[in-house]
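Novice: Dropping a prediction and its sequence here:
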Amino acid sequence: MKTGMKKTLLITMLLIAGLLVLTGCGDIPEDDDFPVSRLIEFRLNGFEKSEYAFTTPGILLDNDSLEGNIVSIQYADERENAPENRTARIVAAKTDSVLTSYRVWRHYARENDAGMKSLLTSFPLYGGTYEISEKGRFLESWFKSDWVFLLESGDETVLEQMKTQIERFFKREKYVNESVIEI
């Protein structure tokens, strides 16, 4: 093959890989003013929040110049005799820049032994995604723009349920604080 054809083939393959990566990225809130703290109100059918924690990219990555917010919410099956694998976790981060989001996303990828996988399935200044499906552990993570998401469960159907419900949550036009409805 001639050098020009090799370059054209390489560029074409990179574009195709890029399209596959970008179409695989999950949803992010369309509202620019959507804070990560709003996810505290996210309810997962059949589960109750067991714990949640807030941090920042600066603390997570030990770099005070990085700004943003990260929330981690753990859910437990609300049934009394629920199977052990019926848990769920959502981690969401909204940062000050795409580069910070990428760094946070890569941190979680390394933490979940998906460092190489995440490297191959991302465009560093745009977006990326990776999935882990192991026996008893299902995880999906993506970053896009200044958002990072990680959904994890011990049950594949719960993971799919989480993805569907969080997409609906982002698309709700009007946010309603459900604790006020009960009053």
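Specialist: Happy to help now that I have it.
Novice: residue nearest the centroid of the chain?
Specialist: Centroid-nearest residue in the chain, with CA atoms, centre = their mean: Phe149, separated by 1.5 Å.
Novice: Phi first, then psi, for that one.
Specialist: As for Phe149, its main-chain torsions (degrees, to the nearest 10) stand at phi -130, psi 140.
Novice: Check Glu67 too.
Specialist: Dihedral angles for Glu67 - degrees, to the nearest 10 - are phi -120, psi 160.
Novice: That one contacts Thr100, correct?
Specialist: Yes - taking CB atoms under 8 Å as the contact criterion, Glu67 and Thr100 are neighbours in contact, 7.2 Å apart. Where C-beta positions appear, they are placed from N, C-alpha and C, glycine not excepted.
Novice: Now do the shared contacts for these two.
Specialist: By CB atoms under 8 Å, 6 or more residues apart in numbering, Glu67 and Thr100 have these common neighbours: Pro57.
Novice: Looking at the two, which one has more neighbours?
Specialist: Comparing Glu67 with Thr100 by other CB atoms under 10 Å, the one with more neighbours is Thr100, at 23 against 13.
Novice: For that one, give its distance to Gly58.
Specialist: For Thr100, the distance to Gly58 (CB to CB, to the nearest Å) stands at 9 Å.
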